[in-house]
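*Asks:* From the sequence below, what's the structure:
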Amino acid sequence: MQRKAYVSGAVALLAALLAGCTGSSTDGSPTDDSNLGDSGTATAAAEPGRYRTLPEPCSSVDQDTLDTLLPGIPQIADENQREKAYEGTATLTYDTDRKVGCRWKVESADATDHLLIDFERVVSYDNAVSDDSQAQQVFSTQQAAADLPEPTVTESATESSTATPSDSASASVTPSDSASASSSPSSSSSPSTTPADLQPRILDDLGDEAFLNDVLSSAGSTAQQRTVTVAFRTSNVIVTIQYEEQPATVGTVPDSKEMQDRARKLAAELADALAG
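*Replies:* The predicted structure follows:
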């Protein structure tokens, strides 16, 4: 009789242990809520960005575009040197899945031109922040660093309809100013007479968001160098184009409109390639 009592006690103990492993509380609800948020539901991870890879930068610009941006390339007589100039030089990077770039430098009889393109794929390591949102924050920081001027509004746009023709004419850019701003590459307007459509500004026709910066350096006794930067974001990829020109002749100023048009055209080509 003692052996039977022992077996019955062991069975009771085993039943109690199995009941404790069911993960239920006394009211029948689950006790393991380690994957639940404060609201009692699982927190969904933010969506990843559209892009998981980056293009090869040095082959992203075709030869015709390089001929336009870097007019010294077609002037190179030696075929091997010319081909090497077309190839460009990859920028140093430690993670080609996240950041790649390529640069070109070409000298000609008229000027020295530089071109740099940079691709950055932004990844968020916060489950609550999507890759796109993180890229938007990075781009906002880049745009703020460019210190773009506030959009200017001419007096003629705010004057009443009773303004006289002479008043309207004095408030807008004069024909001589316009001519100096859009003349040949050997001349350019000063910042005080640069038309509003050539000022550093936000662009609304490129990627998800974009801006253009245009800086004319003061190089003392040497020729002035102009640097045009176009940057845009498409989903979680940020593309930056930096186009520089320094004339060979002192007193010559690179043409703002021409350089901006070239840089914007390249940016549009790169945006189309990413979209495809």
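*Asks:* which SSE is Asn127 in?
*Replies:* Applying DSSP states H and E as the criterion places Asn127 outside every helix and strand.
*Asks:* What pLDDT does the model give it?
*Replies:* Predicted confidence (pLDDT) at Asn127: the value is 90.
*Asks:* That one against Glu47, yeah?
*Replies:* No - counting by Cβ atoms under 8 Å, Asn127 sits too far from Glu47 to count as a contact (10.7 Å). In short, each C-beta sits where N, CA and C put it, glycine included.
*Asks:* buried set for stretch 238-257?
*Replies:* 238-247, 252-257 (16 or more other Cβ atoms under 10 Å).
*Asks:* now for these, which pair is the farthest apart?
*Replies:* Ile238 and Thr252 (33.1 Å; Cβ to Cβ).
*Asks:* Helices of the stretch 1-150 of the chain, start to end?
*Replies:* In the stretch 1-150 of the chain, helices defined by DSSP state H, counting those that start in this stretch lie at 2-20, 63-69, 79-87, 131-146, listed in chain order.
*Asks:* for the third one, packing partners?
*Replies:* Read that as helix 79-87. Identification of packing neighbours for helix 79-87 by 3 or more Cβ pairs under 8 Å, 6 or more residues apart in numbering; DSSP states H and E yields no helix or strand.
*Asks:* Pull that helix out as CSV, backbone CA atoms only.
*Replies:* Listed in CSV are the C-alpha atoms of helix 79-87, where the atom choice follows Å, rounded to 0.1, in the frame of the first residue of the first chain:
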residue,chain,number,x,y,z
GLU,A,79,44.2,58.0,-77.4
ASN,A,80,45.3,56.1,-74.2
GLN,A,81,45.3,59.2,-72.1
ARG,A,82,41.9,60.2,-73.5
GLU,A,83,40.4,56.8,-72.6
LYS,A,84,41.9,57.1,-69.1
ALA,A,85,40.3,60.6,-68.8
TYR,A,86,36.9,59.2,-69.7
GLU,A,87,37.3,56.4,-67.1
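*Asks:* who touches it?
*Replies:* If you take Cβ atoms under 8 Å, 6 or more residues apart in numbering as the criterion, helix 79-87 is touched by 58, 63, 66, 70, 72-74, 76, 104, 106.
*Asks:* which regions of the stretch 101-250 of the chain lie under the pLDDT threshold?
*Replies:* Applying pLDDT under 70 to the predicted model, the residue ranges of the stretch 101-250 of the chain that meet it are 151-194, 219-221.
*Asks:* Asn213 and Ala146 touch, don't they?
*Replies:* Yes - judged on Cβ under 8 Å, Asn213 makes contact with Ala146 at a distance of 4.7 Å.
*Asks:* So between these two, which is more surrounded?
*Replies:* Between Asn213 and Ala146, counting by other Cβ atoms under 10 Å, Asn213 is the more crowded of the two (20 against 13).
*Asks:* would you say that one is within a strand?
*Replies:* Yes - assessed by DSSP: H, G, I helix; E, B strand; the rest coil, Asn213 belongs to a strand.
*Asks:* tell me the contacts of it?
*Replies:* With contact set as Cβ under 8 Å, 6+ apart, Asn213 has these partners: 146, 148, 200, 227-229.
*Asks:* Then Ala111?
*Replies:* Taking Cβ under 8 Å, 6+ apart as the contact definition, Ala111 lies against 72, 245-248, 254.
*Asks:* let's see it at 10 Å
*Replies:* 70-72, 185-186, 223, 225-226, 244-249, 252, 254 (Cβ atoms under 10 Å, 6 or more residues apart in numbering).
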